[in-house]
Structures are given as C-alpha cells and as structure tokens.
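>>> Structure of the sequence below:
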Amino acid sequence: QVQLEESGGGLVQAGGSLRLSCAASGRTFSLYAMGWFRQAPGKEREFVAATSWNGYSTYYADSVKGRFTISRDNAQNTMFLQMDSLKPEDTAVYYCARFSTRTYSAYSPVPDWGQGTQVTVSS
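Numbering: from 1, shown residues only. Got it, this is the predicted structure:
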C-alpha cells in the first residue's frame with residue numbers, strides 16, 4: 001500500500017493558477033501510473049489527468065486539456081498538477097490516486113487514494 005498526501009489547494013480567482021502536489025510514501029511509487037481525480041459538490045468523482053510510471057505518457061480529460069499539466073518526480077516520490085486558466089467549474093476536491101498498472105487506461109484499478117485537497121475558483 002502507498003500512502004498519498006495532497007497539498008497546494010486553495011482559493012483562486014478565475015483565470016488564475018494553482019499547483020497541486022501529491023507526496024507518496026514507500027518504494028513503489030515509481031513502478032505505477034499515477035493520476036488526479038476531482039469531485040464537485042453533488043457530483044460523482046471524475047478523472048482529471050494521469051501519467052505513466054515514467055512520466056513519458058500523459059492523459060487528460062477533455063475539460064482540462066490545454067489548461068492542466070501533470071508531471072512526476074520519481075526521485076522525490078512526488079506528483080504534480082499545474083492548473084492554469086482556472087474556471088469556476090474547476091471547483092472541487094482534488095484527489096491523488098495510484099493505479100495498479102504501469103500505464104493508464106480507463107479500466108486501471110485504483111488501490112490507493114489520498115485524502116483530497118479543496119480547490120475553489122471564484123468568478
């Protein structure tokens with residue numbers, strides 16, 4: 001099991017930027033694909049972005065493509081989500097996730113989740 005802890009959330013005006021971080025414990029971080037999900041009030045949790053085990057492949061939801069950038073530093077056991085041009089509809093709790101596969105697919109199981117960090121975008 002990998003322990004995941006998100007940070008970097010907060011309140012920002014529309015058009016602004018935030019950078020989320022996900023720190024992972026354990027020695028297996030670099031073996032697996034990692035990703036970000038989000039859940040807005042009254043809505044289901046949805047996929048935001050993912051990166052393969054080595055960071056070479058990235059995947060994005062259409063709603064964030066071109067605005068968000070996912071990256072990882074395996075030496076530091078950390079993953080990032082750079083969020084630019086934020087919109088009020090990006091307001092949600094953002095969760096870090098570890099997949100049980102080395103690359104991402106929509107069917108990749110997620111055995112480990114972080115506790116989440118709140119992102120609020122004001123109009």
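>>> use CA for all of it now, contacts and neighbours both
Will do.
>>> Name the next helix or strand following the particular helix or strand that has residue 96 in it along the chain.
Using DSSP states H and E, residue 96 falls within strand 92-98. For strand 92-98, the following helix or strand on the C-terminal side (DSSP H and E) is strand 112-113.
>>> How far away from the center of its chain is that next one?
Distance of strand 112-113 from its chain centroid, counting by C-alpha atoms, centre = their mean, to the nearest Å, is 12 Å.
>>> List the strands paired with it, with their directions.
strand 92-98 (antiparallel) (DSSP bridges).
>>> Residue 95 reaches residue 116, doesn't it?
Yes: with contact defined as C-alpha atoms under 8 Å, residue 95 counts as touching residue 116 (4.4 Å).
>>> Counting neighbours, go ahead and name the busier of these two.
Set residue 95 next to residue 116 and count neighbours by other C-alpha atoms under 10 Å: residue 95 wins out with 26 against 22.
>>> picking that back up, so what sits against both of residue 95 and residue 116?
In terms of C-alpha atoms under 8 Å, 6 or more residues apart in numbering, residue 95 and residue 116 are both contacted by the residues residue 6.
>>> I appreciate the help and will end here.
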